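1. sequence below, structure please.
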Amino acid sequence: MPNHPSGSGLRSHFTDLQEDLRRADASLTRLLDRWGAGPDEGSERLVIVRTSREDQAVRLNELEYGARSSLLVFQSGANTVAPVPTTLLDEEEPPAADAGEGPPGPSESDVEAPEQQPSDGPRPGALRYGGNRQAAYRVVVDRAFLSEPAALRALDERLAAGHEVRVVDQPLIKLVVADGETALVQLEPGRSLELRAPLALLAVELFESVWRRSRPYLREDGDLSPMDRRILQLMLSGLTDAATANQLGTSPRTVQRRVRALMDLTSVTSRVQLGWYAMRNNWV
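-> Below you'll find the model as predicted:
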């Protein structure tokens, strides 16, 4: 039987990692609050406060499609304004608000977009859709994102588009960084800060710190079936059997049966040990 670490040791290790990331995230948020306390007074400011959803959506779109080489993205849950399926749609599915106009499929990096456009705000047809084919996307999602309806479909579409996707268990702030030069950070649903160089490097460092501690979403190697790989990914993210079953369109009993089969296959006696085995053997 393989030599597995104790469940308490693993939990302690993961707790320490999560606390490190939480402190880094809190430090960045405090710094951004201090720099972004004043109003926007011109284009030379290092920090610009954006408080309307319309403004955030337009600026996000500009950053995404203006990127020349790279886009770093944090996607989180609680998407009450922009549901997960609208983050990246199939090309044959145009946005419902503008079905006959403009290119389909918005690829928004999870800063909340407007639910309804006012008459003097940006029209949906004025935004670009479908993803920036010039830029390399690296995307990190959290547990809350994986719990959203249609989250797995959205991530599968990102993978199909060539985006690198990884997963963390601790909550993320919503973030996009274009070319390492400009960042848009959402501190709360109604307020985002745009950081310009050199302050944008703070957001880059936060992203890279989280990226190093994240795990790949659905590795292609290994002998697991796609269903078992998804079950392990959601289990490691802390979803219940019922929530996992709902995401996968199956029953909780099927999830439990497949987890039990994986535990028998790996000769472990707990789900904690199964998770450790899965990560050590590159199953997830």
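
2. residue 63 sits in which helix or strand?
-> Taking DSSP states H and E as the definition, one finds residue 63 inside helix 53-66.

3. residues of that helix that come out buried?
-> For helix 53-66, the buried set under the neighbour-count rule, 16 or more other Cβ atoms under 10 Å, comprises 53, 54, 55, 56, 57, 58, 59, 60, 61, 63, 64, 65. C-beta: built from backbone N, CA, C; applies to glycine.

4. the last one against residue 133, yeah?
-> No - the pair residue 65 and residue 133 does not pass the contact test of Cβ atoms under 8 Å, sitting 9.9 Å apart.

5. which residue ranges of the stretch 51-200 of the chain form strands?
-> Listed in chain order, the strands of the stretch 51-200 of the chain (DSSP state E, counting those that start in this stretch) span 70-75, 136-141, 164-167, 174-178, 182-188, 191-196.

6. to residue 241, which of those strands lies closest?
-> strand 164-167 (18.4 Å; Cβ to Cβ).

7. direction included, what does the closest one pair up with?
-> Applying DSSP bridges to the sheet, strand 164-167 is found paired with strand 136-141 (parallel), strand 215-216 (antiparallel).

8. which one of the strands of the stretch 51-200 of the chain lies closest to residue 251?
-> Among the strands of the stretch 51-200 of the chain, strand 164-167 sits nearest to residue 251 (Cβ to Cβ), with 23.9 Å.

9. ok, and what's touching the closest one?
-> 136-142, 146, 155, 158-159, 211, 214-218, 233, 236-237 (Cβ atoms under 8 Å, 6 or more residues apart in numbering).

10. and stretch 246-257, average pLDDT?
-> Stretch 246-257 comes out with an average pLDDT of 92.

11. helices and strands of this protein: which one bottoms out on pLDDT?
-> Least confident helix or strand of the chain, by mean pLDDT, DSSP states H and E, is helix 7-35 with a mean of 61.

12. partner strands of the helix or strand that comes right after that one, with direction?
-> Following helix 7-35 in sequence order, the next helix or strand is strand 47-50 (DSSP H and E). Note on strand 47-50: by DSSP bridges, its sheet partners are strand 191-196 (antiparallel).

13. how about the strand it pairs with: buried residues?
-> The neighbour-count check on strand 191-196 (16+ other Cβ under 10 Å) flags 191, 192, 193, 194, 195 as buried.
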